[in-house]
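S.K.: 3D model of this:
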Amino acid sequence: MSASLSHTPVYSTKPLIFNYRETVELYAGAYEWSLSTRDYFTPKLDIDSPNLYIIKSFSFAADINELDYQSAMDIQADGVPEFSLYLRSEGSGTILRMPLQLPVYYRDQEFVQSILPKMGQSGAGKTTGAAIEGAFTAKQANQFMGSFKGKINHTPALVGKQNITLTMTFYIQEIKDQKFIQTFKEPFGGNEKPTIAQRITPQTLRRY
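M.R.: From the prediction side, this is the model:
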């Protein structure tokens, strides 16, 4: 098969759209999100362990004006909203090395990351604090999960606003071509963890 990038699954596969929303109520003069609350994306799509998932981009916004959002962030209290991404099979460990910082709204922001799900590990469903609703097994469906953390003050511009909803959208490709996935996983020049840009080139895909 030709190694032309335009014919590889990473360029020909249409992305799936994963949405995560979390609403908090006004309390004690602020709206506050906590990592102790974690939930599933919608739609709740099953993640299959043999497949490769590539995040292409993300969008983020709240249901308030962006300038009001920026001016109300509790920066002194380290309250700039951030987002953490999880897989049910990974338990409490996050997929991303660091949470996504969200000081502004984003629309189709490029953010390329690869995910190879693992199966049969200890995991959790929706969690609150340290509570875990059930252990994850290889026979159960795996899903993406998310959580926001941050604090927005109740400024004059937000008078009458009893709650705020934050929405994160990921555009993720699901690659099912196992030959491509094997090529993608192969080491590159001794680098144990090559970047996607290093892996997806005509040279490294000659065997595909």
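S.K.: Share the number of residues neighbouring Pro103, please.
M.R.: 13 (other CB atoms under 10 Å). For every residue, glycine as well, the C-beta is placed using N, CA and C.
S.K.: On the three-state scheme, the closest residue in space to it that isn't next to it in sequence is what?
M.R.: Sequence neighbours aside, Val80 is the residue nearest to Pro103 in space, at 5.4 Å (criterion: CB to CB, 6 or more residues apart in numbering). Recorded secondary structure, Val80: coil (DSSP: H, G, I helix; E, B strand; the rest coil).
S.K.: I'd guessed Val80 sits against Val104; true?
M.R.: No. Contact between Val80 and Val104 fails when scored by CB atoms under 8 Å: they sit 10.0 Å apart.
S.K.: and the two? which has more neighbours close in?
M.R.: Ranked by neighbour count (other CB under 10 Å), Val80 and Val104 place Val80 first, with 16 against 12.
S.K.: check contacts around that one.
M.R.: Met73, Gln101, Leu102, Pro103, Gly150 (CB atoms under 8 Å, 6 or more residues apart in numbering).
S.K.: same check, this time on Ile54
M.R.: Going by CB under 8 Å, 6+ apart, Ile54 touches Val10, Val112, Gln113, Ser114, Ile115, Ile172, Gln173, Ile175, Ile196.
S.K.: From Leu166, how far off is it?
M.R.: Ile54 sits at a distance of 24 Å from Leu166 (criterion: CB to CB, to the nearest Å).
S.K.: in this structure, what secondary structure element scores lowest on mean pLDDT?
M.R.: strand 127-128 (a mean of 38; mean pLDDT, DSSP states H and E).
S.K.: Ignoring the adjacent residues along the chain, who's closest to the residue nearest in space to the middle of the chain?
M.R.: Centroid-nearest residue in the chain: Leu85, 4.1 Å away (criterion: CA atoms, centre = their mean). Nearest residue to Leu85 in three dimensions, chain neighbours excluded: Ile95, at 4.6 Å (CB to CB, 6+ apart).
S.K.: my guess is that neighbour contacts Ser89, does it?
M.R.: No. Using CB under 8 Å, Ile95 makes no contact with Ser89, being 10.6 Å away.
S.K.: Tell me which of these two has more neighbours.
M.R.: Ser89 (23 against 17).
S.K.: ok, the more buried one touching Pro117?
M.R.: Yes. Using CB under 8 Å, Ser89 is in contact with Pro117, at 6.1 Å.
S.K.: intersection of neighbour lists for these two?
M.R.: Taking CB under 8 Å, 6+ apart as the criterion, Ser89 and Pro117 both touch Ser49, Asn142.
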